[in-house]
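Participant: need a structure here:
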Amino acid sequence: AVLVGKEGLLRVVHGEDKEIGSLYLYFIREEELQYINPDTKKISKLEWVNINDEIERWERWQANNQKPEGEYASLGLDLFTDKELVSELLNILRIRALADDLNIIPSFAVRRPKEGVTQQLKDFCSICGEGNFNLEIKELPINIQQELKDFYNKAKFTVHPKFIIPGRNLNLSSKELVSLVEQPGLPLFELAKRIEPQFISFHIGCSAEEVVSDATDQLLVVGRSLNKEETINGILKGVISIIDALEKSGFNGEYLLENLDYNPTGAYEHICNPEFIREIISKSGLGMIFDVAHALVSAKNLGFADYMDYVRNLIDESNIDTIKELHISVPGYNPTVGRWLDKHLPFSADIDSEANQMIREIIRYIFQLRIREGVKTKLLVTFETKIDKAKDELLSLAYFLSEVRKRYLNDSDILSSALNTKP
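Facilitator: Below you'll find the predicted structure:
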């Protein structure tokens, strides 16, 4: 079992005699080393080693029939014979190193607050460590928060609401939004006050005054359609009204806007064009959620010959620092309707598919741009996929980003260059 919080604990059962030992993992920054004062009566010295070097040293010791190499015996336990344990240890170390090196905070979108707390999600949170992960929610009823307090009390939150009132889409372009946000006791305001999220984020808006969602979660026009200028003015007016209402209710965090996926329903005109999105982000002064699946769907459905041209038109060195959060999932082409759809497929599954490879190319571009431009602000990396794949998603992204970092920086593996641990 692996338990990771302020300190990690690996329980190790050794050989046939069932000797049990405990290996504690402390994640210590370089500047904190000066505060470590071992009990010299029990410990002669602390030797800091790289984990990969430690494994190689142990393998040489094993190959030498366990004859002492400087009286070395791997903590007195055959720790590294347990490949599953070593794999878990390396996963923890790799993710912690990447989070620190690339300034990311792993996050998962929880759509069903009770049923969504799966073992995979618990493992996701455990590997990241308490205080080092985020949960994106649309709602969290207080009774469920209290029922699952041992889980939710350890989490940090962001809120990405779908409705402004039950059953009513939160559309920033809505002509009625100004009056709706003035209603007392709105669920969004109560939730923000209770859980104190870091961000509250919204879809960028629609090219219609009113919209509804169909069975596939695509938006349909039910009110008056808006031209480009009306859409811009409607969105900016909606941003001002909802921020003002949230601030009056006591929320003092940040606000983000998310790019949408173009579908020819009439509700997505203007708003998915790169120039339009850049204008809204610039004029609103807000940060951005960059949804990689939405970007790919828009590029394909808008007819871009090269989907990366769409991405580069939307995000470049001049605005990469406005991205505060990534949404990660994989879309798919639907031959029945003849276009790409946002399907929220797992990043960790079918990785050789065309869609998955395109998503990886977009993510690679974003991280290389952040590295090149020296962007140091924290980036939430939120999976909007299957909750029963949460751990798999985290580990798959860690391996992928390790390779991105290694190739771009012409550097060694993140574990070799950034990590130390104690033998």
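Participant: quick one: secondary structure of residue 389?
Facilitator: Here residue 389 is helix, with the state taken from DSSP: H, G, I helix; E, B strand; the rest coil.
Participant: Contacts only, for it.
Facilitator: For residue 389, the contact set (CB atoms under 8 Å, 6 or more residues apart in numbering) comprises 120, 346, 348-349. All C-beta spots, glycine's among them, are computed from the backbone N, C-alpha and C.
Participant: what sits against the residue lying closest to residue 95 once chain neighbours are set aside?
Facilitator: Of all residues not flanking residue 95 in the chain, residue 398 sits nearest, at 4.9 Å (CB to CB, 6 or more residues apart in numbering). Going by CB under 8 Å, 6+ apart, residue 398 touches 91, 94-95, 98.
Participant: Which one (most neighbours) among the residues you listed?
Facilitator: Counting neighbours by other CB atoms under 10 Å, residue 95 comes out on top of those with 27 neighbours.
Participant: Give me the buried positions along stretch 237-246.
Facilitator: Within stretch 237-246, the residues that count as buried by 16 or more other CB atoms under 10 Å are 237-239, 241-243, 245-246.
Participant: what do you get for stretch 186-198?
Facilitator: Residues of stretch 186-198 classed as buried by neighbour count (16+ other CB under 10 Å): 186, 188-189, 191-192, 195, 197-198.
Participant: Send me that stretch as PDB with only the CA atoms.
Facilitator: Taking C-alpha atoms only, stretch 186-198 is exported to PDB below (Å, rounded to 0.1, in the frame of the first residue of the first chain):
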ATOM      1  CA  LEU A 186     -28.000  31.300  -5.800                       C
ATOM      2  CA  PRO A 187     -26.400  27.800  -5.500                       C
ATOM      3  CA  LEU A 188     -23.200  29.100  -7.100                       C
ATOM      4  CA  PHE A 189     -22.700  31.800  -4.500                       C
ATOM      5  CA  GLU A 190     -23.300  29.500  -1.600                       C
ATOM      6  CA  LEU A 191     -20.900  27.000  -3.000                       C
ATOM      7  CA  ALA A 192     -18.200  29.500  -3.600                       C
ATOM      8  CA  LYS A 193     -18.500  30.800   0.000                       C
ATOM      9  CA  ARG A 194     -18.400  27.300   1.500                       C
ATOM     10  CA  ILE A 195     -15.500  25.800  -0.300                       C
ATOM     11  CA  GLU A 196     -13.500  29.000  -1.200                       C
ATOM     12  CA  PRO A 197     -12.300  27.900  -4.700                       C
ATOM     13  CA  GLN A 198      -9.100  29.300  -6.200                       C
END
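Participant: So what touches that stretch?
Facilitator: Stretch 186-198 is contacted from outside by 134, 137, 139-140, 142, 145, 156-159, 161, 164-166, 180, 200, 245-246, 249-251, 253-254, using CB under 8 Å, 6+ apart.
Participant: Write a PyMOL command that selects only the buried members of these.
Facilitator: Buried members of the contacts of stretch 186-198 can be picked out in PyMOL with the line below, counting by 16+ other CB under 10 Å:
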select buried, resi 134+137+139+140+145+156+157+158+159+161+164+180+200+245+246+249+251+253
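Participant: before we move on, the earlier item: where helices are concerned, which of the buried residues of stretch 186-198 count?
Facilitator: Among the buried residues of stretch 186-198, the residues falling in helices (DSSP state H) are 188-189, 191-192, 195.
Participant: And the pLDDT for residue 175?
Facilitator: Looking at residue 175, its pLDDT stands at 88.
Participant: What of the one 10 residues further on?
Facilitator: With respect to pLDDT, residue 185 has a value of 85.
Participant: let's have the chain start at 32 instead
Facilitator: In the new numbering, first residue 32, that becomes residue 216.
Participant: where in this structure is pLDDT low?
Facilitator: Across the chain, the ranges flagged by pLDDT under 70 are 32-67, 69-82, 96-111, 442-454.
Participant: Now the helix or strand that contains residue 389: buried residues?
Facilitator: In this assignment (DSSP states H and E), residue 389 forms part of helix 385-404. Judged by neighbour count (16+ other CB under 10 Å), helix 385-404 contains these buried residues: 386-387, 389-391, 393-402.
Participant: contacting residues for the closest residue to residue 343 other than its chain neighbours?
Facilitator: Nearest non-adjacent residue to residue 343, counting by CB to CB, 6+ apart: residue 396, 7.6 Å away. Residue 396 sits next to 339, 342-343, 346 when contact means CB under 8 Å, 6+ apart.
Participant: What about those, which are in helices?
Facilitator: The helices, defined by DSSP H, take in 339, 342-343 from these.
Participant: from those, which would you call buried?
Facilitator: Among the ones in helices among the contacts of residue 396, those classed as buried by neighbour count (16+ other CB under 10 Å) are residue 342.
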